[in-house]
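**Student:** I'll drop the sequence and a predicted model, then ask my questions.
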Amino acid sequence: MRVTADRDTCTVSSLCVYRAPEVFDQDEDGHVVVLRPDPPEHLHPAVRDAARSCPTRSIRITEEE
Amino acid sequence: MTAPLSYPFPWTPPMEIPDALRGLRDQAAVTVTLPSGDRALMVTRYADVRALFADHRLSRNISRRQRPDVARISADNELFADPEINPDPPDHIRVRGLVTRAFTARRVEALRPVAQGVCDELIAAMKAGTRPTDLNEAFAYPLPIRVICRLLGVPLEDRDRFRYLVDGFLSVTKLPVEEMQRCREGLWQYLGELIDSKREQPGDDLVSGLIKARDEDNNRLSEHELRFWTQGLLIAGYVTTASQIGASTAVLLHHRELVEEIQADWSLVPSAVEELLRTQIMGSSVGTLRYAVEDIPLSDGTVIAKGTSVLLSEESANMDEEVFPEPFRLDIRRTDNHHMTFGAGLHYCAGAALARMELQVATRSLLEQLPDLRLAVPGDRLPRGLGGFTEGFTEIPVTW
């Protein structure tokens, strides 16, 4: 799994940070920061949940085959 | 053709999800009549609502002075629109960024002990007082006003004056127009005084931060925007959360078995809070009123014509059978609960994380510190405040 996030469209809901704090953080203004672009498998469900919950669909996940 | 539905939908009986929400999604959009008598097109399905919240073809600029044909919510749209404020990008992105930085997860979590301290104090006062008591007055309203006053830097001694003005400001049909007007002017004046005093004596609060941003760079924030957004934050941080704390708690207490389930496992608090947010929207979706600046097709092929006034029904989206299994069932263990109560897209509720935190702290504190807390009247007789922007319970007599 590869995770990227678009800071330009991020609207600071903080939902990703609450759902997957090991993977997402926020800068001083609250915009999303990806801490682990290649999260370990046990975090994948939380990352998918965070991506689904994002109000501006600013989180992109690429699943590897 | 059937007659358009009246909107907001009445919550009668008060503990039941409005009947009007059943089967509403057979059509992607239905025409509704607003309290003003004007009509708007209400979007009903989750997928459309979610997509349209993020669609730039729907403008949030509903000022009648700029768009004379936009539907009126009540007598005018001044509650929701200000001709000097542009709520669309790029202006809105510039201003929103100044505000949202106060609501990061870190800053919200820093307020959690503050909220806990307020809850402990309020519950101690309840225990020392008489029974039954009104949960709204004793707990649900004082908690968020104290938290938001702390965040924004509003002195506590201004609380009562502020609360009266806001309650009047938010009245859609409850108060005579002149009284509502007086409250609006009073609130506007109060905010001017607050900003003046913060400018003289800045603190480590959001209003002081906004003033600093304004005084450093006039292009970042106008004086009018400064006052307008301070007003928006005060109202958004107070009444909506207060009403939801009351409504969520009342519904939980009406379902004693759910209270016991939570008391046996406190890790259920967050999912219970989300489920109550999904099913117990304390407001209506009148605040989502938008104006189509282009034709927009919906999921069933219907086209929203340019120039239509549009409502995005959060409560209907939250009952969408395609998204939520058994949507009319209250399931405090529900997972994948991505409800629309806080909206979506660029305008997603800036204070959502703060509201969630307060609801979690409030729910646990009440059920833990008052384990026998219960409604003092049958739940189906609790009065709901219709005719206001918020539609929570106007009084919640409780005992323990």
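**Tutor:** Arrived safely, thanks for sending.

**Student:** all contacts plus neighbour counts: C-alpha atoms, from now on.
**Tutor:** OK.

**Student:** how far away is whatever residue of the stretch 1-150 of chain B ends up closest to chain A from residue B:144?
**Tutor:** In the stretch 1-150 of chain B, the residue that lies nearest chain A is residue B:101 (4.5 Å; Cα to the nearest Cα). Residue B:101 sits 19 Å away from residue B:144, going by Cα to Cα, to the nearest Å.

**Student:** re the thing from before, quick one: contacts for the residue of the stretch 1-150 of chain B closest to chain A?
**Tutor:** Contacts for residue B:101 (Cα atoms under 8 Å, 6 or more residues apart in numbering or on different chains) come out as A:12, A:28, A:29, A:30.

**Student:** now swap in residue A:15 and tell me
**Tutor:** Going by Cα under 8 Å, 6+ apart, residue A:15 touches A:50, A:53, A:54, B:353.

**Student:** what do you get for residue B:48?
**Tutor:** So residue B:48 contacts B:28, B:298, B:299 (Cα under 8 Å, 6+ apart).

**Student:** how much space separates it from residue B:203?
**Tutor:** To residue B:203, residue B:48 is 43 Å away according to Cα to Cα.

**Student:** with residue B:246 instead?
**Tutor:** For residue B:246, the distance to residue B:203 (Cα to Cα) stands at 31 Å.

**Student:** middle-most residue in chain B, spatially?
**Tutor:** Central residue of chain B (Cα atoms, centre = their mean): residue B:240, 3.7 Å from the mean position.

**Student:** biggest helix in chain B by residues?
**Tutor:** helix B:177-200 (DSSP state H).

**Student:** and residue 32, its phi and psi?
**Tutor:** Using chain A here. Dihedral pair for residue A:32: phi -60, psi 140, per degrees, to the nearest 10.

**Student:** meant chain B actually
**Tutor:** phi -130, psi 160.

**Student:** show me what contacts it?
**Tutor:** Contacts here follow Cα under 8 Å, 6+ apart; on that basis residue B:32 touches B:4, B:5, B:6, B:7, B:39, B:40, B:41, B:42.

**Student:** just the buried residues from these, in ChimeraX please.
**Tutor:** This is the ChimeraX syntax for the buried subset of the contacts of residue B:32, where burial follows 16 or more other Cα atoms under 10 Å in any protein chain shown:
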select /B:7,39,40,41,42
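
**Student:** inside strands: which ones of the contacts of residue B:32?
**Tutor:** The strands, defined by DSSP state E, take in B:5, B:6, B:39, B:40, B:41, B:42 from the contacts of residue B:32.

**Student:** which residue packs closest to the third one, ignoring adjacent ones?
**Tutor:** Setting aside the residues directly before and after it, residue B:39 is nearest to residue B:33 in space (Cα to Cα, 6 or more residues apart in numbering or on different chains), at 4.5 Å.

**Student:** bridged to that neighbour, which residues?
**Tutor:** With beta bridges defined as DSSP bridges, residue B:33 has these partners: residue B:6, residue B:39.

**Student:** on that earlier part again, between the contacts of residue B:32, which is nearest residue B:309?
**Tutor:** The shortest approach to residue B:309 among the contacts of residue B:32 belongs to residue B:40, at 5.0 Å (Cα to Cα).

**Student:** contacting residues around the residue lying closest to that closest one once chain neighbours are set aside?
**Tutor:** Spatial nearest neighbour of residue B:40, excluding adjacent residues (Cα to Cα, 6+ apart): residue B:309 at 5.0 Å. Shown in contact with residue B:309 (Cα under 8 Å, 6+ apart): B:39, B:40, B:41, B:70, B:71, B:289, B:290, B:291, B:292.

**Student:** also residue B:120?
**Tutor:** Residue B:120 touches residue B:365, counting by Cα under 8 Å, 6+ apart.

**Student:** helices and strands around the lengthiest helix in chain A, which ones?
**Tutor:** Determined from DSSP H, the single longest helix within chain A is helix A:44-53. Other helices and strands packing on helix A:44-53, by 3 or more Cα pairs under 8 Å, 6 or more residues apart in numbering or on different chains; DSSP states H and E, are helix A:15-19, strand A:59-62.

**Student:** how many neighbouring residues does residue B:260 have?
**Tutor:** Residue B:260: 15 surrounding residues under other Cα atoms under 10 Å in any protein chain shown.

**Student:** that one and residue B:371, how far apart?
**Tutor:** Residue B:260 sits 9 Å away from residue B:371, going by Cα to Cα.

**Student:** and for residue B:236?
**Tutor:** Residue B:236 is 30 Å from residue B:371, where distance means Cα to Cα.

**Student:** what about those two, which has more around it?
**Tutor:** With neighbours defined as other Cα under 10 Å, residue B:236 and residue B:371 compare such that residue B:236 has more, 18 against 13.

**Student:** could you count how many residues lie near residue B:116?
**Tutor:** Count around residue B:116 with other Cα under 10 Å applied: 19.

**Student:** for the closest residue in space to it that isn't next to it in sequence, phi and psi?
**Tutor:** Leaving aside its chain neighbours, residue B:116 sits nearest to residue B:361 (6.2 Å; criterion: Cα to Cα, 6+ apart). Phi and psi for residue B:361, reported as degrees, to the nearest 10, are phi -60, psi -40.

**Student:** can you pull out the helices in the stretch 201-350 of chain B?
**Tutor:** Secondary structure of the stretch 201-350 of chain B by DSSP state H, counting those that start in this stretch: the helices cover B:206-216, B:223-235, B:241-254, B:256-264, B:269-279, B:314-317.

**Student:** what's the closest of those helices to chain A?
**Tutor:** Nearest of the helices of the stretch 201-350 of chain B to chain A, taken as Cα to the nearest Cα: helix B:269-279 at 11.2 Å.

**Student:** what is the closest one packed up against?
**Tutor:** Checked by 3+ Cα pairs under 8 Å, 6+ apart, helix B:269-279 has helix B:241-254, helix B:352-369 packed alongside it.

**Student:** so that helix versus helix B:256-264, what angle?
**Tutor:** Between helix B:269-279 and helix B:256-264, the angle comes out at 150 degrees (axes from the mean of the first three to the mean of the last three Cα atoms, to 10 degrees).

**Student:** could you check the angle helix B:241-254 makes with helix B:269-279?
**Tutor:** Using the same axes, to 10 degrees: helix B:269-279 against helix B:241-254 is 100 degrees.

**Student:** kindly export helix B:269-279 (C-alpha atoms) in CSV.
**Tutor:** Output of helix B:269-279 as CSV, limited to C-alpha atoms (Å, rounded to 0.1, in the frame of the first residue of the first chain):
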residue,chain,number,x,y,z
VAL,B,269,-18.5,5.9,23.7
PRO,B,270,-17.0,7.1,20.4
SER,B,271,-19.1,4.9,18.1
ALA,B,272,-22.3,5.7,20.2
VAL,B,273,-21.5,9.4,19.8
GLU,B,274,-21.2,9.0,16.0
GLU,B,275,-24.4,7.0,15.8
LEU,B,276,-26.3,9.6,17.7
LEU,B,277,-24.9,12.3,15.5
ARG,B,278,-26.1,10.3,12.5
THR,B,279,-29.6,9.7,13.7
